[in-house]
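>>> Sequence first, predicted model second:
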Amino acid sequence: MTFKAEPIFQAIKSSVDAASPAEKADKLKKINAVFQFNVKNAAGEQKTWALDLKSTGAVTEGPASGKPDITITVADAVFADIASGKIAAQKAFMAGKLKVSGNMMQAMKLDGLFKDVRPALNAAAAAKPAAAAPAAAAAAPAAGALTVDGVASSQIFSQIHAGLHAMSPTERAETVKKAKAVFQFNIKAGGAQHTFTLDLKNGSGDVYQGACKTGKADATITIADQDFVSLASGKANGQKLFMAGKLKIAGQMMLATKLDGILKGMQKKPKL
């Protein structure tokens, strides 16, 4: 198996091992997460690496010893481009080239994670022959039930679904009790509309593709794909989007004020 990712993880390991105890402690405190990377090469083969930047600073081949805070599935060529700075992790995610399971907000730390080792990575890349063109077109991971190609928001609903189902019964009951609402999202992307429902009112809650199954949603939100991504990542505020006419709501308008808190709370779930 040939992977561009292999020397990248070796460089990260060397960087972490070479850091002073104080520098290492500062990095662990700043990132505070265990990453698991499932990397697929052009031949469809997969290798897994774990990066513990929460407690030990270890970089190892194979799955994380415990449950990682975030699992990233990505094509080998795309991973190499992210590590070298050719593409930002967020852009890769929004383009559907990087899939995240777990605390999605940790994915935003990837660019900073690679920054320290980029000089070495780029020097090593320059010393090697260019990879064959097909490597850049490595097969993308299979889409999940909530995943829609070309719709970045669908990745977020997948994360929320995973987070909801990873909660304990008590946590789910508390989330439903606090929200007491069914949100229907009409996401506009590529000239089409895609509908998702976040039911935080009935039973123990649910997230699914399509219109509300239990009758009329308490709030139906129409929003552009990229605006929803910004809302979910905390880069945009629900009220401000509404005031700017970028978020339209039908039903209980006051529920729009709950969106930021609900999305933020669910994205923070590390067992997501």
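Happy to help now that I have it.
>>> now the helices for the stretch 1-150 of the chain?
5-18, 21-31, 76-84, 89-94, 110-115, 118-126 (DSSP state H, counting those that start in this stretch).
>>> Now do the buried residues in stretch 172-184.
Burial within stretch 172-184, assessed by neighbour count using 16 or more other Cβ atoms under 10 Å, is assigned to 172, 175, 176, 179, 181, 182, 183, 184. The C-beta positions use only the backbone N, C-alpha and C, and glycine is treated the same way.
>>> Identify the residues contacting the fourth one.
Residue 179 makes contact with 200, 201, 258, 262 under the criterion Cβ atoms under 8 Å, 6 or more residues apart in numbering.
>>> Show me those residues that map onto helices.
Judged by DSSP state H, helices contain the following of the contacts of residue 179: 258, 262.
>>> Make CSV out of the contacts of residue 179 and add neighbour count and distance to residue 230.
What follows is the contacts of residue 179, written out as CSV (neighbours: other Cβ atoms under 10 Å; distance: Cβ to Cβ, whole Å):
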residue, neighbour count, distance to residue 230
200, 24, 21
201, 18, 25
258, 18, 17
262, 19, 16
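>>> host element of the nearest residue to residue 247 once chain neighbours are set aside?
Leaving out its chain neighbours, the residue that sits closest to residue 247 by Cβ to Cβ, 6 or more residues apart in numbering is residue 241, at 3.9 Å. Under the criterion of DSSP states H and E, residue 241 resides in helix 238-243.
>>> In terms of secondary structure, what does that helix contact?
helix 225-233, strand 247-251, helix 256-267 (3 or more Cβ pairs under 8 Å, 6 or more residues apart in numbering; DSSP states H and E).
>>> Which stretch among the ones you listed is buried most, on average?
Highest mean neighbour count among these (mean count of other Cβ atoms under 10 Å): helix 225-233, with a mean of 21.
>>> So for stretch 231-240, what gets flagged as buried?
Neighbour-count burial for stretch 231-240 flags 231, 232, 233, 236, 237, 238 (criterion: 16+ other Cβ under 10 Å).
>>> before we move on, what about stretch 43-62?
Those would be 47, 49, 50, 51, 52, 53, 54, 57, 59, for stretch 43-62 by 16+ other Cβ under 10 Å.
>>> give me the beta-bridge partners of the nearest residue to residue 51 once chain neighbours are set aside?
Excluding its sequence neighbours, the residue lying closest to residue 51 (Cβ to Cβ, 6+ apart) is residue 35, at 4.3 Å. Beta-bridge partners of residue 35, counted by DSSP bridges, are residue 51, residue 70.
>>> and residue 35, what does it touch?
Neighbours of residue 35 in contact, by Cβ under 8 Å, 6+ apart: 50, 51, 53, 64, 68, 69, 70, 71, 72, 106.
>>> Quick check: the closest residue to the fourth one other than its chain neighbours vs residue 248, distance?
What it means is residue 64. In this structure, residue 64 finds its nearest non-sequential neighbour in residue 50, 4.0 Å apart by Cβ to Cβ, 6+ apart. When distance is defined by Cβ to Cβ, to the nearest Å, residue 50 is 43 Å away from residue 248.
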